[in-house]
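Student: sequence and predicted structure are below.
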Amino acid sequence: MTELTAEIGKTRLDVIVADITTLDVDAIVNAANRSLLGGGGVDGAIHRAAGPELLAECRMLGGCETGSAKITRGYRLKARYVIHAVGPVWSGGGKNEEALLAGCYRTALDLAAEHRLKSLAYPAISTGIYRFPAALAARVAVGTVAAEIAARPRGIEQVIFCCFTQDSAEQHKNAFADLGLV
Ligand code: APR
């Protein structure tokens, strides 16, 4: 269910409400933890849908720093790749959380470009178990992706903000409006 569509240059940005494991895109982004060895939330859903080979590949990666991301294949998912991003745990906003969250969105775009991917989908990183306030997280997410794509499109044709709830989609739509993108 597409809630909003915007264009930045030749790149289409969509806000949808869906289960990210169902999307037929080049890469889906996972909201992982630093171990990259799975967890609950969207991390658990992606590992369940991708099958055990995903964890086997993740074990070879040696973890990932907060604010960054690493890429694996997608295995049984429709998505060809999974980009495992490690978002910050919200600690009140005084621990560089916004910059670390922006780093997840930016690194995912860089990894997509390195692998010549045309489409990728993000969940609302850090807004579940990591308790990042949803409205602020949406502004960081949309603002970072919009600024990065405007500056360097990286050949990416479609970016999807795949929200799990209508409220999350509203937060992302508000962010697009606040940024004058619609
Ligand atoms: N598809 C899309 N979005 C989803 C799905 C799904 N199948 N399942 C959950 N979400 C949404 C949540 O509603 C939330 O908006 O993903 C967002 C991120 O929530 P979490 O999965 O809890 O991730 P996060 O807050 O980043 O916490 C990461 O949780 O699962 C563990 O191993 C993970 O330790 C890490 C921590």
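Tutor: Sure, I can see it. Numbers count the residues shown, from 1 in each chain.

Student: and the spatially most central residue of the chain, how far from the ligand?
Tutor: With distances taken as C-alpha atoms, centre = their mean, Tyr122 lies nearest the centre of the chain, 2.7 Å away. Distance from Tyr122 to the ligand, counting by C-beta to the nearest ligand atom, to the nearest Å: 9 Å. (Each C-beta comes from the backbone N, C-alpha and C, glycine too.)

Student: Leu120 too?
Tutor: 13 Å.

Student: list the contacts for that residue?
Tutor: 25-29, 83, 108-109, 112, 156, 158-160 (C-beta atoms under 8 Å, 6 or more residues apart in numbering).

Student: again, only this time at 6 Å
Tutor: Shown in contact with Leu120 (C-beta atoms under 6 Å, 6 or more residues apart in numbering): Val25, Ala27, Ala112.

Student: could I get these as JSON lines with neighbour count and pLDDT?
Tutor: Formatted as JSON lines, the contacts of Leu120 follow (neighbours: other C-beta atoms under 10 Å; pLDDT from 0 to 100):
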{"residue": "Val25", "neighbour count": "22", "pLDDT": "98"}
{"residue": "Ala27", "neighbour count": "26", "pLDDT": "99"}
{"residue": "Ala112", "neighbour count": "24", "pLDDT": "98"}
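
Student: just the ones of those residues in strands?
Tutor: Residues of those located in strands (DSSP state E): Ala27.

Student: which among the contacts of Leu120 gets closest to Thr165?
Tutor: Val25 (19.9 Å; C-beta to C-beta).
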